[in-house]
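1. Return a 3D structure for these sequence lines:
(one chain, ligands or ions: 1)
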Amino acid sequence: MFSNSLIELDRAHLIHPVASYRGHENLGVRVLTSAFGATVTDANGKQLIDGFAGLWCVNAGYGHDSIVEAAAKQMRELPYATAYFGLGSEPAIRLASELADRAPGDLNHVYFTLGGSDAVDSTIRFIRYYWNARGRPGKDQFISIEQGYHGSSTVGAGLTALPAFHAGFGLPFDWQHKIPSHYAYRNPVGTEPEAIIAASIAALKQKIEELGGAERVAAFYAEPIQGSGGVLVPPKGWMKAMRAVCRELDILFVADEVITGFGRTGPLFACSEDDIVPDLLTVAKGLTSGYVPMGALFMSEHVYQTIADGAGTSAVGHGYTYSAHPVSAAVGLEVLRLYEDGLLENGRRAGARLMAGLESLKDHPLVGDVRGRGMLAAIELVVDKERKTPLPAAAEPARRIFDRAWNNGLVIRAFANGVLGYAPPLCCTEAEIDAIVERTRRTLDETLADNDIRRAL
Ligand code: PMP
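-> Model (predicted):
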């Protein structure tokens, strides 16, 4: 059968990202064959609601002919143009300009990459260059946050704070440091916003001191909501407070909006809700809604001008063959049009319904925490609500809960620690949101009946 031969070929040849290779060889691949709106179809013809928009990226939903047309038109006219040698293409220039118009504050300069990891990686290169240009090469230490995710490039993965990205890879580098997360559900200072914000400020200042003071620290990285760490939403005012510390100490503040950008939390940029303007900002995923690969970083005016002045007539030696790819940019322009032609609005409505629906699961014996903003949410499962005891590893939460949800017609992200992540396409109808919640409840009931869970209750 179609699917069986693919399973064999996959097993023999395709290395999957962030997978146990042996585990995957055992289980075999699940092949998706088509998708429309918020629904994906697998090789057996099973239809599922994609509650995770692929990998938090298909914000516009599947099957938009206008996106396909934009890509096809661009491929016919000019499938590739380098942005080296002073060359360019109309879609890339227009997309940079449209994005700069909408980005917070003076984030006026856009550097296009192939995805999120190289957008973050590029910020590290540019930030080193920036401090050298300012005659302060000693500012070479970078700080990020536990449970943070900043991609999988060799240097970016060192800012990422997930153990699997470090173990065996010789990471992080000795110039990459972490402070504790704001993670409200499990924060030793409790759940009060003021206490969490104060603890984060103190942790950042203490880390800076440990590193020899602000004259050693180049930049601080934060996601407006920590995504891959388990959808950890900081209290309101947290981003603003951390941004203020960085401004006061002349440390660059990088907002990583690879997940939160493009309507995931409501607006195009979550930073506008947080009422901050970072020095640099990274995006990807929703930028092209996953239809083709593309990421970008924004530089504020002072970062760009310092780098440009520092280089003078020399080349700033950073670039990719596919920087500012015209087909990706054409897709980006069409996706942006769709966001503003009702998708953002629908996402806001659907997000409110999703949050209310997930909140209604709080009465379930396994649900310890419900959190999120807009169409980005998580529930954290525990076997003891009082003690917040995580699900036992023996119950294989990542695999078994993912499988149960799949059988119930729902794709979600099931993290190994029993956190379930939600990031549905912004085009979801009310009925689809309700189905996500209803199928989750069924999945939770089945999980409650799992022998390894029952033993731990
Ligand atoms: N930063 C953040 C905040 C992310 O969530 C991700 C991807 N999940 C990345 C960077 C890396 O992006 P990519 O996978 O496109 O390289």
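
2. Give me the phi and psi for residue 416.
-> phi -60, psi -30 (degrees, to the nearest 10).

3. That one reaches residue 397, doesn't it?
-> Yes: if you go by CB atoms under 8 Å, residue 416 and residue 397 touch, sitting 6.3 Å apart. Bear in mind the C-beta positions are built from the backbone N, C-alpha and C, glycine included.

4. Tell me which of the two has more neighbours.
-> Shown here are residue 416 and residue 397; by other CB atoms under 10 Å, residue 397 has more neighbours (24 against 13).

5. What's the separation between that one and the ligand?
-> 20 Å (CB to the nearest ligand atom, to the nearest Å).

6. from here on, count from 250
-> Will do, 250 is the new start, and the previous item becomes residue 646.

7. In contact with that residue, which residues?
-> 630, 640, 663, 664, 665, 666, 667 (CB atoms under 8 Å, 6 or more residues apart in numbering).

8. Recalculate using a threshold of 7 Å.
-> 640, 663, 665, 666, 667 (CB atoms under 7 Å, 6 or more residues apart in numbering).

9. The third one touches residue 647, doesn't it?
-> Yes: the pair residue 665 and residue 647 passes the contact test of CB atoms under 7 Å, sitting 4.4 Å apart.

10. wait, is residue 284 part of a strand?
-> Yes: according to DSSP: H, G, I helix; E, B strand; the rest coil, residue 284 belongs to a strand.

11. Let me know the average pLDDT across the helix or strand containing residue 377.
-> Assigned by DSSP states H and E, residue 377 belongs to helix 365-382. Mean pLDDT, helix 365-382: 98.

12. Can you tell me how far residue 412 is from the ligand?
-> Counting by CB to the nearest ligand atom - residue 412 and the ligand are separated by 16 Å.

13. actually residue 658, not the one I typed
-> Distance of residue 658 to the ligand, computed by CB to the nearest ligand atom: 25 Å.

14. Now for that residue: which residues touch it?
-> Contacts of residue 658 by CB under 7 Å, 6+ apart are 296, 297, 298, 688.

15. Just put those residues in CSV and tack on distance to residue 658.
-> Compiled in CSV, the contacts of residue 658 are given as follows (distance: CB to CB, whole Å):
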residue, distance to residue 658
296, 7
297, 5
298, 6
688, 6
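
16. Mark which of those residues are buried, thanks.
-> Listed as buried from the contacts of residue 658 are 297, 298, 688; burial here means 16 or more other CB atoms under 10 Å.

17. what's the spacing between the first one and the ligand?
-> Okay, so that is residue 297. 21 Å.

18. Could you do the last one as well?
-> Relative to the ligand, residue 688 is positioned 24 Å away (criterion: CB to the nearest ligand atom).

19. Strands along the stretch 400-549 of the chain, start to end?
-> For the stretch 400-549 of the chain, strands defined by DSSP state E, counting those that start in this stretch occupy the ranges 425-428, 466-471, 501-505, 529-532, 544-548.

20. would TSV of those with mean pLDDT and distance to the ligand be doable?
-> Formatted as TSV, these follow (pLDDT from 0 to 100; distance: least, CB to the nearest ligand atom, whole Å):
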stretch	mean pLDDT	distance to the ligand
strand 425-428	98	15
strand 466-471	99	9
strand 501-505	99	4
strand 529-532	99	6
strand 544-548	98	6
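
21. How far off centre is stretch 539-557?
-> For stretch 539-557, the separation from the chain centroid amounts to 17 Å (computed by CA atoms, centre = their mean, to the nearest Å).

22. ok, and the closest non-adjacent residue to residue 331?
-> residue 570 (7.1 Å; CB to CB, 6 or more residues apart in numbering).

23. Work out for me the element the one you found sits within.
-> Applying DSSP H and E, one finds residue 570 in no helix or strand.

24. since we're on it, how many residues are nearby?
-> 10.

25. Residues of the stretch 350-499 of the chain that sit close to the ligand?
-> For the stretch 350-499 of the chain, the residues in contact with the ligand (CB under 6 Å from any ligand atom) are 364, 365, 366, 369, 398, 399, 400, 472, 476, 477.

26. Do I have it right that the fifth one meets residue 413?
-> No: using CB under 7 Å, residue 398 and residue 413 do not qualify as a contacting pair, with a distance of 11.1 Å.

27. higher neighbour count, those two?
-> residue 398 (26 against 12).

28. dump the residue contacts of residue 377.
-> 389, 467.

29. Try it again at 6 Å.
-> Residue 377 makes no contacts at all, as judged by CB atoms under 6 Å, 6 or more residues apart in numbering.

30. before we move on, what about the one 3 residues further on?
-> Contacts of residue 380 were listed using CB under 6 Å, 6+ apart, and they are 388, 467.

31. at 7 Å instead, please
-> With CB under 7 Å, 6+ apart, residue 380 has these contacts: 386, 388, 467.

32. any weak-confidence spans in this protein?
-> Low-confidence segments of the chain, defined by pLDDT under 70: 250-252.
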